[in-house]
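Trainee: Could you work out the structure for the sequence below:
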Amino acid sequence: MKAGKYVLLVAEDDPKLLASLAEFLTRSNYVVRAASDGQQALDLYFSDNHEIDLILLDVMLPGVDGMQVLRTIREYSNVPVIMITALESEEDQLEGLGSGADNYITKPFRLRVLAAHIEALLKRTIKADKRIAAGLLEIDLESQEVRANGRLIEVTPKEFSLLVFFIQNKNKVMTRETIIDSVWGFDYNGDIRTVDTIVKQIRRKIGPDCPYIHSVYGIGYCFKEA
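Mentor: Here you go, the predicted structure:
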């Protein structure tokens, strides 16, 4: 299990409900990042996406609605998402689940029931995602150890984050802009070619036995095991 408190992003436009959720979840030993509209939710997520462990997302958010927030986040991440909404129809629930939500809770709900859903989803996610592998690469997300063909290699925190991102999005062509937004965050103001430098370092460290990070001319990179 994760060392320290889990960080939850809560997006809800009802100020009273948002305050109640934040207070309850804080008392339940979670760290809460609160957003009252869709754009604020996206800004909070992408400014700190590697710290967010789970998202509670209202569907009926002003500006950018919850479904669009979910679809945008799913382009970059498989972070657990629980939709919270007053929409009870089967079609609405299927749309949320089809867009990548992990769970769907309709209002009104009991806070203790919500807490049980959060705990169960976090346990399932952390257990499933503790280790990832691709080809001859093995990564332990808890200890942050990386092995290439059985060989333990030393990586920096940014190299680790980028390698994990590549594996979690294997076979997808990623632009440098997408990589920067996902690994460095939307607020990164540095040189986009930093991606090339980190990729070069990773390739050197994992060696020729793991030639998985492929350059895509004029676009960016694609991680392929074959």
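
Trainee: Can you give me the end-to-end span of stretch 125-145?
Mentor: End-to-end distance for stretch 125-145, by Cα to Cα, to the nearest Å: 19 Å.

Trainee: Pull out the buried positions in the longest helix that the chain contains.
Mentor: Counting by DSSP state H, the longest helix found in the chain is helix 111-128. By neighbour count on 16 or more other Cβ atoms under 10 Å, the buried set for helix 111-128 is Leu114, His117, Ile118, Leu121, Leu122, Thr125, Ile126. Backbone N, C-alpha and C define where each C-beta goes, glycine included.

Trainee: May I have the secondary structure class of the residue sitting furthest away from the middle of the chain?
Mentor: Relative to the centre of the chain, and counting by Cα atoms, centre = their mean, the farthest-placed residue is Pro208 at 29.4 Å. Under DSSP: H, G, I helix; E, B strand; the rest coil, the three-state class of Pro208 is coil.

Trainee: Tell me how far it lies from Leu136.
Mentor: As judged by Cβ to Cβ, to the nearest Å, Pro208 and Leu136 stand 11 Å apart.

Trainee: got it, and Ile105?
Mentor: For Ile105, the distance to Leu136 - Cβ to Cβ - is 41 Å.

Trainee: try Ser47
Mentor: For Ser47, the distance to Leu136 - Cβ to Cβ - is 34 Å.

Trainee: okay, the two: which has more neighbours?
Mentor: Under the neighbour definition other Cβ atoms under 10 Å, Ser47 and Leu136 were set side by side, and Leu136 has more, 17 against 14.

Trainee: Residues contacting the longest helix of the chain from elsewhere in the structure, which ones?
Mentor: 1-2, 6, 8, 20-21, 24-25, 28, 30, 53-54, 56, 80, 82, 84, 102-103, 105 (Cβ atoms under 8 Å, 6 or more residues apart in numbering).

Trainee: how about low-confidence regions in the protein?
Mentor: For the chain, the stretches with pLDDT under 70 are 1-4, 49, 87-99, 126-130, 186-187.

Trainee: quick one: the helices in the protein?
Mentor: 15-27, 38-47, 66-74, 90-98, 111-128, 157-168, 176-179, 194-206.

Trainee: ok, the residue farthest from the centre of the chain - contacts?
Mentor: Contacts of Pro208 by Cβ under 8 Å, 6+ apart: none found.

Trainee: tell me the contacts of Gly100?
Mentor: Taking Cβ under 8 Å, 6+ apart as the test, what Gly100 contacts is Leu70, Arg71, Ile73, Arg74, Asn78, Val81.

Trainee: which one of these is nearest Val164?
Mentor: The shortest approach to Val164 among those belongs to Asn78, at 11.4 Å (Cβ to Cβ).

Trainee: how is this protein carved up into domains?
Mentor: Segmentation of the chain into domains, based on automatic domain parsing, reads 7-128, 131-223.

Trainee: right, so those domains: which one is the most enclosed?
Mentor: Greatest average neighbour count among those goes to domain 7-128 (a mean of 17), per mean count of other Cβ atoms under 10 Å.

Trainee: How far away from the center of its chain is it?
Mentor: Offset of domain 7-128 from its chain centre (Cα atoms, centre = their mean, to the nearest Å): 12 Å.
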